[in-house]
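Asker: For reference, the sequence and a predicted model appear below.
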Amino acid sequence: MAINSIAGNTILTSGSFPPVRVASTGSPLNPSAGGLLVVDGVQLVAGDRVLCKDEANAINNGIYAATTGPWVRTTDATNNQQFFSGMAVTVALGAVNAGLTYICTTTDDPVVVGTSNITFGAQSVVATATQSATSATSLVIGTGSKTFTTQAGKAFQLGQYVLVNETSNSANQMLGQITAYSGTSLTINVIATGGSGTHADWTIALTNSAAAAGLLPPVGSGNVTGPGSSTAGHIATFADGTGKVLQDGGAPVGAANTITPAMLTTAAVAFAVGMLNGTIVSSVAANALTIAMKTLAGADPSSSDPVFFFIRDATAGYVVIEQTAALSITVPANATLGTVNGQANRIWLAAFNNGGSALLGVYNTLSGTNIVPWDETAAANGTGVTSSSNSAQTWYTASTVSAKNLRVLGYLESTQATAGTWATIPSKSELLGPGVKRPGEMVGNANTVTGGGGSTSSATLVPLAGQNVTMNISSASNLIRVEAYGTISCTLTASVATRLSRGAVANTNMIGNNDRANITASNLSMPGALLAYDVPNVIGNQVYSMQGGTGAGIMTWGPTGIMSATELQI
């Protein structure tokens, strides 16, 4: 289908010619010879509009209608009044020119078809020409106001920035903002320079325009300056308060949409988390226990993959410590930390704020059946850990510190056949966070109301029928609190005894206080209460029983009572 054939022309009423089907690609098409040629990969048909812009004699350039014989100019591009500089024509088809717009750049005014050189340039090239200029004004490179004599009619506007380079050496350059442009006079305020000296051959181009493509602006005292080199992937940060000096800010934490350490702190504290991107890894060697902080990727912390600690400060705020190097503590052989042979233990791990650096410490809350919890709300002392670190309820740290704030990170559980001989890798590692019990908190409870009473005439302690409670224990290291409340009576005047036991074997594994009551009259009832703390060192169901004995007659616990067992975190 022909595009705007010679027969279908309309009168030109705008600053653009109707589109052409094809345009020449650098070689003459010789319209005087004509013919239905293949132009830019397109087979012409009679009547097709063709832009001839590359004829040997520019007088012959123009828009033609293709025919089998000599081509003739189209009726909209044939007389003098239809041509002037700035007229545009768009090309519809072609491997090279499809979609391009060409601008008439003839300088004759008026244009005389058949006499004037009719020239066309690609719109992008024409636009670039208006975005740059040259000047032979002799000027010294420097900041401040500079005035150039240059060409008029350029696309320069007040407030725009231009890059001025010495044409013969682009290292000599100035960057400035246009403050005045009238006729052939251009004035700019130079804010940055490169190179030095006095020069008189300048190329002036609007920054961020096609005319400035490939030109690197200068770096000077009036502009933002950088360190000169950096590491790929690092971020830039300001080095001072001027807003003009950049520095290598190191690797970002993550990729796009990275949040700041302060934002991480707020989120972590809200969820009672003292560490981000960290985990606890333990190992044993030469009967020593080593506890190391690793990233979630399983590596030592580094600048590109740090671990963050959030530790309370003296004002009840929080300090962020970014750990970028390996961090660990080793409990030497023979250091028991107050643990017991063959008994499951729990060792808590904390990070101390040692002058802005993290220092690890370990703590055993249990001594016998007594729990002394750690306290994150107050500064604590840390004793440098050695082979003689044998006390429970003492913070042992990688080196001795005094009055330092700390943040508990989690705990390890293990059972060592010989306390202080760390030969078995901890069986459990748990980070402190939501849902993780603190020392002294209740883990679970079981209770039962005993009815009917339990009686015996034994002179030694024996289990009383029906007087027991079963506790399902979750951790072998935890402490169990057992309680029993009821009434004691005897058929004769006698001294009676009651006591709690782990299990239901007569006078075996007795725990807690031995409660003795003197019954001064037969069938006299007295209140009874028993309390015991136990470290059963087992997981799963554990039975606790009430045992009784009497010096005479038949003693009874009941007729009703209550027994309770509570698992406490250590």
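Answerer: Sure, I can see it.
Asker: Helix or strand: which one has the residue nearest to residue 145 when sequence neighbours are not counted?
Answerer: Using CB to CB, 6 or more residues apart in numbering and skipping the chain neighbours, the partner closest in space to residue 145 is residue 189 (5.7 Å). (C-beta placed from N, C-alpha, C; glycine too.) Counting by DSSP states H and E, the element that carries residue 189 is strand 185-194.
Asker: what helices or strands is that strand leaning on?
Answerer: Contact here means 3 or more CB pairs under 8 Å, 6 or more residues apart in numbering; DSSP states H and E; on that basis strand 185-194 packs against strand 144-149, strand 161-166, strand 169-182.
Asker: Which of those has the highest mean neighbour count?
Answerer: Comparing the helices and strands packed on strand 185-194 by mean neighbour count (mean count of other CB atoms under 10 Å), strand 161-166 comes out on top with a mean of 23.
Asker: Now do the contacts for the residue nearest to residue 145.
Answerer: Neighbouring residues of residue 189 by CB atoms under 8 Å, 6 or more residues apart in numbering: 144, 145, 146, 176, 177, 179.
Asker: Export those residues to JSON lines and append columns for pLDDT and distance to residue 300.
Answerer: As requested, those are exported to JSON lines (pLDDT from 0 to 100; distance: CB to CB, whole Å):
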{"residue": "144", "pLDDT": "93", "distance to residue 300": "54"}
{"residue": "145", "pLDDT": "96", "distance to residue 300": "57"}
{"residue": "146", "pLDDT": "96", "distance to residue 300": "56"}
{"residue": "176", "pLDDT": "91", "distance to residue 300": "51"}
{"residue": "177", "pLDDT": "92", "distance to residue 300": "51"}
{"residue": "179", "pLDDT": "95", "distance to residue 300": "57"}
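Asker: Would you mind giving these as a markdown table with distance to residue 110 added?
Answerer: Putting these into a markdown table (distance: CB to CB, whole Å) gives the following:
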| residue | distance to residue 110 |
| --- | --- |
| 144 | 45 |
| 145 | 41 |
| 146 | 39 |
| 176 | 39 |
| 177 | 39 |
| 179 | 37 |
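Asker: quick check, nearest of those residues to residue 371?
Answerer: residue 177 (72.3 Å; CB to CB).
Asker: coming back round to it: buried residues, the strand holding residue 189. List them.
Answerer: Of the residues in strand 185-194, 186, 187, 188, 190, 191, 192, 193, 194 count as buried by neighbour count, 16 or more other CB atoms under 10 Å.
Asker: Following the chain past it, name the next helix or strand.
Answerer: That would be, after strand 185-194 and using DSSP H and E, strand 198-199.
Asker: quick one: the helix or strand following that following strand to strand 185-194, angle?
Answerer: Note on strand 198-199: by DSSP H and E, the next helix or strand toward the C-terminus is strand 202-206. Relative orientation of strand 202-206 versus strand 185-194 (axes from the mean of the first three to the mean of the last three CA atoms, to 10 degrees): 90 degrees.
Asker: Mind listing residues that contact strand 202-206?
Answerer: 131-137, 139, 148, 150, 155-156, 160-167, 186, 211-212, 215.
Asker: what's the answer for stretch 479-486, then?
Answerer: Under the contact criterion CB under 8 Å, 6+ apart, stretch 479-486 has outside partners 366, 369, 371, 450, 467, 469, 471, 473, 498, 500, 511-512, 527-536, 542, 544, 546, 557-558, 560-568, 570.
Asker: With only the CA atoms kept, save that stretch in CSV.
Answerer: Only the C-alpha atoms of stretch 479-486 are listed here, as CSV (Å, rounded to 0.1, in the frame of the first residue of the first chain):
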residue,chain,number,x,y,z
LEU,A,479,14.0,-28.2,89.0
ILE,A,480,10.7,-29.8,90.4
ARG,A,481,8.8,-28.2,93.2
VAL,A,482,6.5,-30.8,95.0
GLU,A,483,3.8,-29.8,97.6
ALA,A,484,1.2,-31.7,99.6
TYR,A,485,-1.5,-30.4,101.9
GLY,A,486,-4.0,-32.3,104.0
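Asker: what pLDDT, on average, does it get?
Answerer: Across stretch 479-486, the average pLDDT comes to 96.
Asker: Same question for stretch 58-78.
Answerer: pLDDT averaged over stretch 58-78 gives 95.
Asker: List the buried residues in that stretch.
Answerer: 60-67, 71, 73-78.
Asker: Could you do stretch 364-378 as well?
Answerer: Here stretch 364-378 shows 364, 365, 366, 369, 371, 372, 373, 374, 376 as buried, counting by 16+ other CB under 10 Å.
Asker: And the next helix or strand past the helix or strand bottoming out on mean pLDDT in the chain?
Answerer: Scoring the helices and strands of the chain by mean pLDDT, DSSP states H and E places helix 261-270 at the bottom, with a mean of 60. The first helix or strand that comes after helix 261-270 along the chain, using DSSP H and E, is strand 275-276.
Asker: Which strands and helices lie in contact with that following strand?
Answerer: Against strand 275-276 (3+ CB pairs under 8 Å, 6+ apart) you get helix 261-270, strand 307-312.
Asker: What degree of burial does the closest residue to residue 196 other than its chain neighbours show, as a neighbour count?
Answerer: With sequence-adjacent residues excluded and distances taken as CB to CB, 6+ apart, residue 196 is closest to residue 141, at 5.5 Å. Using other CB atoms under 10 Å, residue 141 has 20 neighbouring residues.
Asker: okay, now the domains of this protein?
Answerer: 6-127, 131-212, 265-431, 443-568 (automatic domain parsing).
Asker: So what's the gap between the second one and the chain middle?
Answerer: Yep, that's domain 131-212 we're talking about. Remark: domain 131-212 is offset 44 Å from the chain centroid, using CA atoms, centre = their mean, to the nearest Å.
Asker: my read: residue 98 touches residue 91, true?
Answerer: Yes - with contact defined as CB atoms under 8 Å, residue 98 reaches residue 91; the gap is 6.3 Å.
Asker: Show me which of these two is the more surrounded one.
Answerer: Comparing residue 98 with residue 91 by other CB under 10 Å, the one with more neighbours is residue 91, at 23 against 15.
Asker: which residues touch the more buried one?
Answerer: 19, 20, 21, 22, 23, 51, 97, 98, 99, 100, 101, 102.
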